[in-house]
Each structure stands twice: as structure tokens, then as C-alpha cells.
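Asker: predicted model follows, preceded by the sequence.
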Amino acid sequence: GENVEQHPSTLSVQEGDSAVIKCTYSDSASNYFPWYKQELGKRPQLIIDIRSNVGEKKDQRIAVTLNKTAKHFSLHITETQPEDSAVYFCAATDSWGKLQFGAGTQVVVTP
Amino acid sequence: GAVVSQHPSRVICKSGTSVKIECRSLDFQATTMFWYRQFPKQSLMLMATSNEGSKATYEQGVEKDKFLINHASLTLSTLTVTSAHPEDSSFYICSARAGRNTEAFFGQGTRLTVV
């Protein structure tokens, strides 16, 4: 089955700097890659997703890149703000249609 | 976005009893629902994938006779933890989506404590 690996596990950035989280996946047939943000005590919320037919997608301060050949995808957050502090999960829908998650990255944005 | 409602949000039960958790998609038809278990400060571990009208597909290591999943309609899936034990105490969260490569929406989760 699909194996999604995510790095780093924790990320501390100064407000205004950029944050980058990287994920790799194992199932070459995977074709949908969402990113979720989970604040403490809350449910995960989708922040951006990308499908395998594109290499990059941007939504304001958030962008995701996908390299299908290397089987990795990354989340980029620019101009970070304190409210960006949360746990971020990458995920991949594998060839069976299962949505598998990475281990998560605790992002802390310090003022 | 779409709404997925999960109940109960918290439940405490005695060891040996069963607990049923409901997951409803309120404003869309969920062809697929996922059930995850999340330990503190850890990831979402997929337990099973449920497609409406068919048997759930369980992940390796998840006992299907212990975690009974029913997805009888396009808006409701249930997870029943049978003969619960303290080690089953965890945060269980469901997710539902309308199509294969579409956004999956999460329920608010259920904190299960077995005493």
C-alpha cells in the first residue's frame, strides 16, 4: 500500500519567513495530494490540494509543488503569521482510492 | 465547505461494552468514508475505508471483528468498537468524500475513553 513520509516533524520559523514541508510517497499510481491543517483540538481542514496533471498550484501565501518522477511534493507557506501555527499533514490517494497521511509537521511561528 | 458531523464527540464506557460512533455527511453524498485513529501528537492512522453498499476494507493490523464498520447509505457510516478495552481509548475521526480525487471532509472526532 501507499507509504507517505513527511519531514520535518517540527518546524519553527520567525514571523514573516517562509516554511517548507516535504513529503514523499511510494505508490506511483497516486494522483491526488491534499494538504491539511489541524489546529489543537480541531478537525483537519484542507488548505490546498494538487492533482497529478499539474506540477504547481498556488493560493495566496500557500503553494504546493509536485514532482511525479521523484514521487515527492512540498508545501510552501510564505510570509508566515502566528495564525499559521498548527500541525500540517500531507496525504496521498493511492491506487486503491485510500487517503493515507504523512506523520505531520508541527509548525510554530514566533512573533 | 461541506459538512461532516460525527457523534458522539466524547464517550466514556466500561471495559467489555460496545460503543457506536456515527459519521454523517450533511450536505453531500459520500461515496467513500474513511475511519482514522489519532494518538496524541501523532498522525491520522487509517483504520478502514468504507464504500457505500459494500464491505469495508480494513488496514493491516486492524481487527474487523472488533471495529465493525457499516456504510449503509450515502450519508451515514458507523464504527462500532466491540468489547472495548482500555487500549482502545483514543481519538477516532471519520472523513467523507464524494469522489475519488475530491476533497475529503472530516468530522469533529470522537474521544473514546474505556475505563
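Answerer: Ah, there it is.

Asker: for chain A, what lies in contact range of chain B?
Answerer: Applying CB under 8 Å from any CB of the partner chain, one finds that chain A approaches chain B through A:1, A:31-32, A:34, A:36, A:42-46, A:49, A:51, A:89, A:93, A:96-104, A:106. Any C-beta I mention is one placed from the backbone N, CA and C, and that applies to glycine too.

Asker: buried subset of these?
Answerer: Neighbour-count burial (16 or more other CB atoms under 10 Å in any protein chain shown) is assigned, among those, to A:31-32, A:34, A:36, A:43-44, A:49, A:89, A:93, A:97-104.

Asker: so of those, which ones are in helices?
Answerer: Among those, DSSP state H puts none in helices.

Asker: quick check, pLDDT for the spatially most central residue of chain B.
Answerer: For chain B, residue B:35 is the residue whose C-alpha lies nearest the centre (CA atoms, centre = their mean; 3.6 Å). Note for residue B:35: predicted pLDDT of 97.

Asker: any idea which helix or strand carries it?
Answerer: strand B:32-38 (DSSP states H and E).

Asker: got a list of contacts for that strand?
Answerer: By CB atoms under 8 Å, 6 or more residues apart in numbering or on different chains, the residues outside strand B:32-38 that reach it are A:97-99, A:101, B:23, B:25, B:44-52, B:67, B:69, B:71, B:77, B:79, B:90-97, B:100, B:104, B:109.

Asker: just checking: what are the partner strands of it?
Answerer: Using DSSP bridges, the strands paired with strand B:32-38 are strand B:44-51 (antiparallel), strand B:90-97 (antiparallel).

Asker: deepest-packed of those strands, please.
Answerer: Counting by mean count of other CB atoms under 10 Å in any protein chain shown, strand B:90-97 has the highest mean neighbour count of those, with a mean of 25.
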